[in-house]
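# Sharing a sequence plus its predicted fold:
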Amino acid sequence: MTTLLFSHPCFIDHDTGQYHPERPDRMRAIDKVLGHEIFSSLERREAPIREDADAYVRMAHSAEHVAHITKAVSGHGKELTYVDGDTVVSQGTWEAARRARSLGSISTTTTPNCAGSR
């Protein structure tokens, strides 16, 4: 069976600060490991943004929350903004969130390896 790996450079632009677990350095480390030849059989695809991604975000969050986040991420350059006690956003957050949300809606069928290998 084929394993799909969706990624996009924008995920590194979702800067949450030096000490947050979901920081860009973690994504860089993961990308480095997945670049090893042992992972060459992964089918790699660019994480898309569905046309209805914003509608799905609004299904999970109030209009006020979405407006608050959009305002927090716009026009700040590299500045980080705390939207609550443990949530940090940056200019790259909104695109990363929309692409991640779009991935939750993807259904893909792959053909199993019929040769019997694991």
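Great, that's in hand.

# Can you tell me the centre-most residue of this protein?
The centroid of the chain falls nearest to A100 when counting by Cα atoms, centre = their mean (4.1 Å).

# Give me the pLDDT value at that one.
On the pLDDT scale, A100 is placed at 87.

# next one: S41
So, for S41, pLDDT stands at 94.

# same check, this time on N113
Predicted confidence (pLDDT) for N113: 42.

# circling back: and the residue nearest to the centre of the chain, how close does it get to G92?
A100 sits 12 Å away from G92, going by Cβ to Cβ, to the nearest Å. For the C-beta atoms, the positions are set from N, CA and C on the backbone; glycine is no exception.

# before we move on, the earlier item: so who does the residue nearest to the centre of the chain touch?
11, 47 (Cβ atoms under 8 Å, 6 or more residues apart in numbering).

# One more: H68?
V83.

# Quick check: it is in a helix.
Yes. Judged by DSSP: H, G, I helix; E, B strand; the rest coil, H68 forms part of a helix.

# if I look at it, how far off is R28?
29 Å.

# what about the chain, any weak spots by pLDDT?
75-78, 105-118 (pLDDT under 70).

# Helices of that one, start to end?
Remark: helices assigned in the chain by DSSP state H are 10-13, 24-34, 53-60, 63-73, 93-103.

# can you pull the buried residues of the third one?
The one in question is helix 53-60. Within helix 53-60, the residues scored as buried using 16 or more other Cβ atoms under 10 Å are 53-54, 57.

# May I have stretch 36-55 exported as PDB, CA atoms only?
Output in PDB follows, covering the C-alpha atoms of stretch 36-55 (Å, rounded to 0.1, in the frame of the first residue of the first chain):
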ATOM      1  CA  HIS A  36      16.200  10.100   3.900                       C
ATOM      2  CA  GLU A  37      16.300   7.400   1.200                       C
ATOM      3  CA  ILE A  38      14.400   5.000   3.500                       C
ATOM      4  CA  PHE A  39      11.300   7.200   2.900                       C
ATOM      5  CA  SER A  40      11.700   7.400  -0.900                       C
ATOM      6  CA  SER A  41       8.600   5.200  -1.400                       C
ATOM      7  CA  LEU A  42       6.300   7.900   0.100                       C
ATOM      8  CA  GLU A  43       4.000   9.400  -2.400                       C
ATOM      9  CA  ARG A  44       4.500  13.100  -1.900                       C
ATOM     10  CA  ARG A  45       1.900  15.700  -2.700                       C
ATOM     11  CA  GLU A  46       1.400  19.400  -2.000                       C
ATOM     12  CA  ALA A  47      -1.200  20.100   0.600                       C
ATOM     13  CA  PRO A  48      -4.000  21.900  -1.200                       C
ATOM     14  CA  ILE A  49      -6.400  24.600   0.000                       C
ATOM     15  CA  ARG A  50     -10.000  23.600  -0.800                       C
ATOM     16  CA  GLU A  51     -12.300  26.300  -2.100                       C
ATOM     17  CA  ASP A  52     -14.600  25.600   0.900                       C
ATOM     18  CA  ALA A  53     -11.800  25.500   3.500                       C
ATOM     19  CA  ASP A  54     -12.900  28.700   5.200                       C
ATOM     20  CA  ALA A  55     -16.500  27.400   5.500                       C
END
